[in-house]
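Asks: After the sequence you'll find the predicted model.
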Amino acid sequence: MPDSFLFGAILQALINGVISGTILAVPAIGFSAIFAVLNYPNFAIGALASVGAYGGLVANTVFGLPLEVSLLAAFATAAVAGIVVEWVAVRPLNQAGALMMAIASLAAAIVLENVIRFFWGNGLRGYDLPMLRDVQFGAIRVGPQQVKNFGISIAAMVALWAFLALTPLGRAMRAVADNADLARLRGVDPVRIAAVAVALGAGLAGMGGMLIGLDTSIDPLTGPRLVLSIFAAAVLGGLGSIPGAVVGALVIGMAEELTVLLIAPSYRSVVGFVVILAVLTVRPAGLFGARA
Amino acid sequence: MTALVVEGLVGGYGPDDQVVKGVGLTVAPGRLVCVIGPNGAGKSTVLKLLAGLLRPMAGSIRVFGQAVTPASPRAMIAAGCVLVPQERNVFGALTVEENLLMGAYTERGRAKSRIAEAYARFPLLRERRRQAARTLSGGQRQVLAMGQALMAAPRLLMLDEPTAGLSPVAAQELFATIRALADSGMPILMVEQNALDALHVSDEAVVLVDGRNAHGGPARALAADPTIRRLFLGGRAVPDTTKEMSA
């Protein structure tokens, strides 16, 4: 392989990685937000991403809504499903510990996946998107929809930052994540904040599911296929750390694209496992995490 | 009118784990009352009961004449009782200003005017308002914790071992701040392990032993009382000698 060709291919993979990592950051932030406030890993996040993707599909293809509005529908559908999962499957087990809650979330994921199958089957489905030609910069090609998805992901993160930093509810959520006992002593209702965190986390997962589906197509396993990457991104950044989830997702996104290029596409899913093993061995608290 | 009257308070961590077995307390406006006693006497549990973190099993609580049921921390904030806990009493990841804003969480409409008052009272907090609370020194954190509690405009401030873990110099400075706060009219109920220093700065004191009132009265008189000095020689509880005597 000539050097310039390899350089171009690596640059293309890195750009693809930044775009897919930024999109992956959206559900990874959701996963971390739920962990930060409720102290358990919600493995239903993948299934919730699928629920969001199908919620957006209905809004877009049945009701004919534009993609931006359909993304809000994806957020809302997954947020509602996330609250139902939390109240029905997870919360009744909160005295049993984080492991039991994580297992309950896995069970809920299987239920959600099959509810989607019941209504839409296993087949691939696509959004109502205009066909657009890729934009080319020298040897680098980028799809206009990819750029749009990248921009939407950045906008979602900015909106989340504004919510967490500038609103009393967002501040209370960060306070609960930092010191739940003191937050309660200052009059914060932990049940309300938990509901907000779950709605926000699940909503972001749903939005992420649709953003990923916009690039290709969706099926009931669109979200569950992401769980390993989401979990690896959150572990790498430090469980519960939102900036950590963003950095972790970017690293995972780029590492996956480079693996596809330099090793083989079938090794893509190995990246998540390798990252989790490496982080747990070298720095269990992750890059930005305070807790090991 | 008396700020706080507690009678026959009983509570703990379950029916089989009663720690407070009958405590009475009175705090008048502008008075600093300290609660001292050996480890396990139930001092901090009294504050947890008064802050709504634990439900009392018996007893009555009156705040400025009104009977209060400590159903939750929110209910106690509404009644005017605000606690500064002993440990982890600030939000480390939040800035100093965000910590103060969290203090006024239940009355967010008044946060702006109260934050100005907090900065006027504690200029140090204004200087460090953009700094994460975890970067403050131990003494500065205690001042922030008090500032945060004052943001709720309490009618009674409760402090759980405010000088725990502080250097002697920082502890003296903090005691001076607490005294000044009481002199400004704020009724304060303070639990302290550092008994003799606490007696010197307080107006009145209650000594708890095994969950019950053992002694009480003006703090200076108690500081001079040989029994109290024997119990808390050098500010530390004397080892239990009853076993040696019976042996």
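Replies: It's in. Numbering: from 1, shown residues only, chains lettered A, B, ... in the order given.
Asks: sec struct for the residue of chain A found nearest chain B, please.
Replies: Of all residues in chain A, residue A:187 sits closest to chain B, with a separation of 3.9 Å (C-beta to the nearest C-beta). Glycine gets a C-beta too; all of them are placed from N, C-alpha and C. Assigned by DSSP: H, G, I helix; E, B strand; the rest coil, the conformation of residue A:187 is coil.
Asks: contacting residues around it?
Replies: B:73-74, B:77, B:105-106, B:152 (C-beta atoms under 8 Å, 6 or more residues apart in numbering or on different chains).
Asks: Find me the pLDDT at the residue nearest in space to the middle of chain B, would you?
Replies: When C-alpha atoms, centre = their mean is applied to chain B, the residue found nearest the centroid is residue B:159 (1.9 Å). pLDDT recorded at residue B:159 is 95.
Asks: now the one 10 residues further on
Replies: Residue B:169 carries a pLDDT score of 89 in this model.
Asks: Now do the buried residues in the helix or strand where it lies.
Replies: Element membership for residue B:169, per DSSP states H and E: helix B:168-183. Neighbour-count burial for helix B:168-183, counted by 16 or more other C-beta atoms under 10 Å in any protein chain shown, picks out B:170-171, B:173-175, B:177-179, B:181-182.
Asks: Now do the same for the closest residue to residue A:107 other than its chain neighbours: helix, strand or coil?
Replies: In this structure, residue A:107 finds its nearest non-sequential neighbour in residue A:89, 6.5 Å apart by C-beta to C-beta, 6 or more residues apart in numbering or on different chains. Under three-state DSSP, residue A:89 falls in the helix class.
Asks: thinking again about what came up before, CA atoms only for the helix holding residue B:169, dumped as CSV, please.
Replies: Extracted C-alpha coordinates of helix B:168-183, given in CSV (Å, rounded to 0.1, in the frame of the first residue of the first chain):
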residue,chain,number,x,y,z
PRO,B,168,-6.1,24.1,66.5
VAL,B,169,-5.7,27.6,64.9
ALA,B,170,-8.4,26.9,62.3
ALA,B,171,-10.7,25.5,65.0
GLN,B,172,-10.3,28.7,67.1
GLU,B,173,-11.0,30.9,64.1
LEU,B,174,-14.1,28.8,63.3
PHE,B,175,-15.3,29.1,66.9
ALA,B,176,-14.9,32.9,66.7
THR,B,177,-17.0,32.9,63.5
ILE,B,178,-19.7,30.7,65.2
ARG,B,179,-19.7,33.0,68.3
ALA,B,180,-20.1,36.1,66.0
LEU,B,181,-23.0,34.5,64.3
ALA,B,182,-24.7,33.8,67.6
ASP,B,183,-24.1,37.3,68.8
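Asks: quick one: contacts of it?
Replies: Contacts to helix B:168-183, defined as C-beta under 8 Å, 6+ apart, come from residues B:30-32, B:137-139, B:142-143, B:146, B:157, B:159, B:162-163, B:166, B:188, B:190, B:194, B:197-198, B:201, B:203.
Asks: The helix or strand hosting residue A:19 vs chain B: in contact?
Replies: In the assignment (DSSP H and E), residue A:19 maps to helix A:3-38. No. Shown here: helix A:3-38 not in contact with chain B (C-beta under 8 Å from any C-beta of the partner chain), separated by at least 10.0 Å.
Asks: Where do the helices of the chain begin and end?
Replies: Assuming you mean chain A. Using DSSP state H, the helices of chain A run over residues A:3-38, A:45-57, A:67-85, A:98-120, A:144-166, A:168-178, A:180-185, A:190-215, A:227-237, A:242-262, A:270-282.
Asks: nope, chain B please
Replies: For chain B, helices defined by DSSP H occupy the ranges B:43-50, B:73-79, B:96-103, B:111-121, B:123-127, B:138-150, B:168-183, B:195-201, B:219-224, B:226-231, B:242-246.
Asks: how far does the longest one sit from the chain's center?
Replies: This points to helix B:168-183. A distance of 13 Å separates the centroid of the chain from that of helix B:168-183, by C-alpha atoms, centre = their mean, to the nearest Å.
Asks: which residues does the residue lying closest to residue B:92 once chain neighbours are set aside contact?
Replies: Excluding its sequence neighbours, the residue lying closest to residue B:92 (C-beta to C-beta, 6+ apart) is residue B:134, at 3.5 Å. Residue B:134 makes contact with B:90, B:92-93, according to C-beta under 8 Å, 6+ apart.
Asks: Residue B:91 versus residue B:134, what's the distance?
Replies: The spacing between residue B:134 and residue B:91, counted by C-beta to C-beta, to the nearest Å, is 9 Å.
Asks: Give me the residue ranges of the chain where confidence is low.
Replies: Unless you meant another one, I'm taking chain A. Applying pLDDT under 70 to chain A flags residues A:1-2, A:290-292.
Asks: um, chain B though
Replies: If you take pLDDT under 70 as the line, chain B has these spans: B:232-247.
Asks: possible to save the helices of chain A as CSV with mean neighbour count?
Replies: What follows is the helices of chain A, written out as CSV (neighbours: other C-beta atoms under 10 Å in any protein chain shown):
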stretch, mean neighbour count
helix A:3-38, 22
helix A:45-57, 31
helix A:67-85, 23
helix A:98-120, 17
helix A:144-166, 16
helix A:168-178, 21
helix A:180-185, 21
helix A:190-215, 25
helix A:227-237, 27
helix A:242-262, 22
helix A:270-282, 15
